[in-house]
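Participant: task: produce atomic coordinates for the following.
(one chain, ligands or ions: 2)
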Amino acid sequence: MPGIFDLLVTGCHLATMAGGPRCGELRDGAIAITGGRIAWVGPQRDLARDTRAVRTLDAAGGWITPGLIDCHTHLVYAGNRSSEFEARLSGESYASIARAGGGINATVGAVRQATTENLVAQSRPRLAAFAAEGVTTVEIKSGYGLDTANERKLLTAARSLAGECGVDVRTTLLAAHALPREFADRRAAYVDLACREMIPALAKERLADAVDAFCETIAFTPDETRRVFAAARSAGLAVKLHADQLSDTGGAALAAEFGALSADHLEYANDAGIAAMARAGTVAVLLPGAFYALRETRVPPIAAMRAHGVPMAVATDCNPGTSPVSSLLLMLNMASTLFGLTPAEALAGATCHAARALGLADRGALAAGMRADVVLWDIAEPAELSYRIGGNPCAGIVRDGAVVRWRSA
Ligand code: DI6
Ligand code: FE
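Facilitator: Ligands and ions are numbered 1, 2, ... in the order given. All right, here's what the predicted structure looks like:
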């Protein structure tokens, strides 16, 4: 074992998520960190008696997991849509509200009015809520600007929130989220703008890590999505897809065809699409918050995902319309109660599989060489993370090797 570690955490149980049954659990373990990376993980009794560290933290019997990863959010936005919530409660559908010019376009109106600073100020409490629950990596999509300047504003706000909060933010350009009002009846012209201007420009400015699209009857067709993905590919960006959320448009297979990092929602995905995702290595991102808020009844084909060995991630879809959620822990619960995931599958969905949905090989598990994003929980068993509804058992956070908080230390 090397000489002096930067940080040593003792007295813990670990859900390593690094393979093996039951979350790769390791009871009575310890974890050592050096240079922002995990240097060693193992049973505490294997620590050499002369092991030294600049700082040692006692976990007092709590559980350690990798930092949680929310791989699908739209958390930078302005305003809110509580009036649409009321309209849906009195019988209107999400699709009819969207067709009448509300929905995503309502938030686009609010975002276009807002300054970057406004957007940061309105989104800060949401990101802070994630961070307080042990989320150390968050993906944030644009998609409420729908022109180059306003999509840039959203991505810039996401990047600047990252800087001030310390959470690692991955940005995704979602130009093909909805047809903006000024392009009504000029669909092809908007897709041209997205492909010829928005994607190349924002990729060149390094504001986006990936490109996403909403492939749906109320949004973009499979052919329009293909054009967007081809532009992403030319710009050297990975792709992800909002697929088969409200109807089966063949989104799962389309995502697989382009080697997408993930296909998300998937309530209506067909079996051939799931099989294609397995072959392509595309992660299924489950979004139970949107399913719940829209009071959907069609559950994603979990059995097919398991049968084909498609990795399942779980995310919040934090957005003002269909998932006004800022708790990833609540999504672990809903993934189990609504979709039937085991607690171990749900936790994998917010750690190792979420990392893969973002194309990040350096996190999501506790193993030597991984980024040192580590969370301490006051729980007796890992299943408690999805069993409880409300409350926050997070008792300590180490992010990129730095202690953000630790009990009373
Ligand atoms: N699917 C969703 O659930 C969100 N976007 C998407 O493509 C909804 C976004 C909104 O209604 O504001
Ligand atoms: Fe979404």
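
Participant: what residue in the protein comes nearest to ligand 1?
Facilitator: The minimum distance from the chain to ligand 1, using C-beta to the nearest ligand atom, falls at Gly321 (2.3 Å). (C-beta placed from N, C-alpha, C; glycine too.)

Participant: contact partners for that residue?
Facilitator: Contacts for Gly321 (C-beta atoms under 8 Å, 6 or more residues apart in numbering) come out as 81, 84, 94, 103-104, 107.

Participant: that one belongs to a strand, doesn't it?
Facilitator: No - if the criterion is DSSP: H, G, I helix; E, B strand; the rest coil, then Gly321 is coil and not within a strand.

Participant: how close does it sit to Gly79?
Facilitator: 11 Å (C-beta to C-beta, to the nearest Å).

Participant: overlap in contacts, the two.
Facilitator: Listed contacts common to Gly321 and Gly79 are Thr107; contacts here mean C-beta under 8 Å, 6+ apart.

Participant: could you grab the helix/strand/coil label for Ala230?
Facilitator: helix.

Participant: state the number of residues packed around the closest residue to it other than its chain neighbours.
Facilitator: Among residues not flanking Ala230 along the chain, Cys195 sits closest, at 7.5 Å (C-beta to C-beta, 6 or more residues apart in numbering). Using other C-beta atoms under 10 Å, Cys195 has 21 neighbouring residues.

Participant: quick one: contacts for Ala178?
Facilitator: With C-beta under 8 Å, 6+ apart, Ala178 has these contacts: 98, 103-105, 108, 143, 146, 214, 219.

Participant: related to what we said a few turns ago, farthest pair within the contacts of Gly321?
Facilitator: By the measure C-beta to C-beta, the contacts of Gly321 have their two most distant members at Tyr94 and Thr107, which lie 13.2 Å apart.

Participant: more crowded one of the two?
Facilitator: Comparing Tyr94 with Thr107 by other C-beta under 10 Å, the one with more neighbours is Thr107, at 25 against 22.

Participant: wasn't the more buried one part of a strand?
Facilitator: No - according to three-state DSSP, Thr107 belongs to no strand; its state is helix.

Participant: tell me the pLDDT at it?
Facilitator: We note a pLDDT of 98 for Thr107 in this prediction.

Participant: next one: Val167
Facilitator: Val167 carries a pLDDT value of 97.

Participant: flag every residue of the stretch 201-350 of the chain that's near ligand 1.
Facilitator: Within the stretch 201-350 of the chain, the positions lying close to ligand 1 (C-beta under 6 Å from any ligand atom) are 214, 242, 245, 290, 317, 319-322.

Participant: run the last query once more with 8 Å
Facilitator: 214, 216, 219, 242, 245, 265, 287, 290, 294, 317, 319-323 (C-beta under 8 Å from any ligand atom).

Participant: which of the residues you listed lies closest to Arg55?
Facilitator: Comparing these against Arg55 with C-beta to C-beta picks out Asp317 as the nearest, at 37.3 Å.

Participant: so what's the closest one up against?
Facilitator: By C-beta under 8 Å, 6+ apart, the contact set of Asp317 is 72-74, 264, 287, 289-290, 323, 325.

Participant: max pairwise distance over those residues: which two?
Facilitator: Of all pairs in the contacts of Asp317, the most separated under C-beta to C-beta is Asp264 and Val325 at 14.4 Å.

Participant: these two: which has the busier surroundings?
Facilitator: Neighbours were counted for Asp264 and for Val325 using other C-beta under 10 Å; Asp264 has more, 28 against 25.

Participant: got a list of what the more buried one touches?
Facilitator: Shown in contact with Asp264 (C-beta under 8 Å, 6+ apart): 72, 240-243, 245, 284-285, 287, 315, 317.
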